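> Pasting a predicted model and its sequence here:
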Amino acid sequence: MSASAFKQSNGVTETDSLRMRLRTATQTDHDRLEKLMESLDFAVTLESYTSLLLLLLGFHRPLEARLLELDWSETGLDLKERCKSHLLIADLTHLGLDSDSIARVRNCPHLPCASTIPEAVGVLYVLEGSTLGGQLISRRIKSELGVSEVSGGSFFLAYGGKTGEMWRGFIEVLERHGRDAATAHLVEAAALQTFQRLSAWIGDSDARKQC
Ligand code: HEM
């Protein structure tokens, strides 16, 4: 059997999967975002690491609030379980920020559109996917900054040992949205927009001034 005919346990052919389509479509944007994060020297000093967490909070907190307004019941996903802004808040608190400063963190004014479940699934592809690279970042901030899960590094560790399981659970839902071409298109457009808006926000020097 050729690799292209290989079927995953959920019956989706690997090469036809919406996940692979999104991975390819967003590769350039992922690489750009990775470089942008490096350019902030986030793993060099605690100050720059804290600045990155503030930027991520300004994106995740309002975006999660928007996603939580939707009815996820048809997807079978427990969105609350996948929200991570409380981890950013816990990390920032650990790093010395008080609750007033955290409440005042500026929200990204140009969030990705997520008014339908297919769009929200595209947004979630990016947010959930970041937990994969997050495992590498988690190890790096531990070795370079001495920051662990209990000392300001809970966001990047996120699901920790359950990362693979959580990702597979999400991919099952994603693949269901790949059966219909128009729906798949909405998911892909939202994933691309999410990468682009997150990069624009992280690269925005005005947003960084608050940090
Ligand atoms: C907030 C920033 C980031 C976002 C939104 C993000 C998003 C994503 C997404 C959506 C995927 C899944 C791709 C797929 O379908 O397989 C992914 C995977 C991955 N990311 Fe990132 N990423 C971010 C930062 C980083 C950084 C800084 C690194 C480098 C340390 C990184 C390394 C990786 C790696 C190695 C994978 C593949 C993991 C695997 O297949 O097991 N990411 N990321």
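Structure received.

> Would you agree residue 52 is in contact with residue 38?
No - applying Cβ atoms under 8 Å, one finds residue 52 not in contact with residue 38, separated by 10.7 Å. Where you see a C-beta, it was placed from the backbone N, CA and C, and this is true even at glycine.

> And these two? Which one has more around it.
Under the neighbour definition other Cβ atoms under 10 Å, residue 52 and residue 38 were set side by side, and residue 52 has more, 22 against 11.

> And that one, how close does it get to residue 118?
30 Å (Cβ to Cβ, to the nearest Å).

> same deal with residue 80?
20 Å.

> Quick check on the two: which one has the bigger neighbour count.
Shown here are residue 80 and residue 118; by other Cβ under 10 Å, residue 118 has more neighbours (18 against 10).

> helix or strand right after the strand or helix carrying that one?
Take DSSP states H and E as the rule and residue 118 turns out to sit in helix 117-145. Later in the chain than helix 117-145, the nearest helix or strand by DSSP H and E is helix 154-157.

> if we look at that following helix, which residues are touching it?
Helix 154-157 is contacted from outside by 53, 56, 84, 87-88, 90-91, 134-135, 137-138, 141, 149, using Cβ atoms under 8 Å, 6 or more residues apart in numbering.

> ok, and the most crowded of these?
That'd be residue 56 among the contacts of helix 154-157, by other Cβ under 10 Å, with 26 neighbours.

> before we move on, what SS does it have?
helix (DSSP: H, G, I helix; E, B strand; the rest coil).

> And it, how far from residue 202?
Residue 56 is 8 Å from residue 202, by Cβ to Cβ.

> pLDDT averaged over the helix or strand where residue 36 lies - what is it?
Residue 36 is located in helix 18-39, with elements delineated by DSSP H and E. For helix 18-39, mean pLDDT is 97.

> tell me, what residue is most central in the chain?
Nearest to the mean C-alpha position of the chain, by Cα atoms, centre = their mean, lies residue 127 at 2.0 Å.
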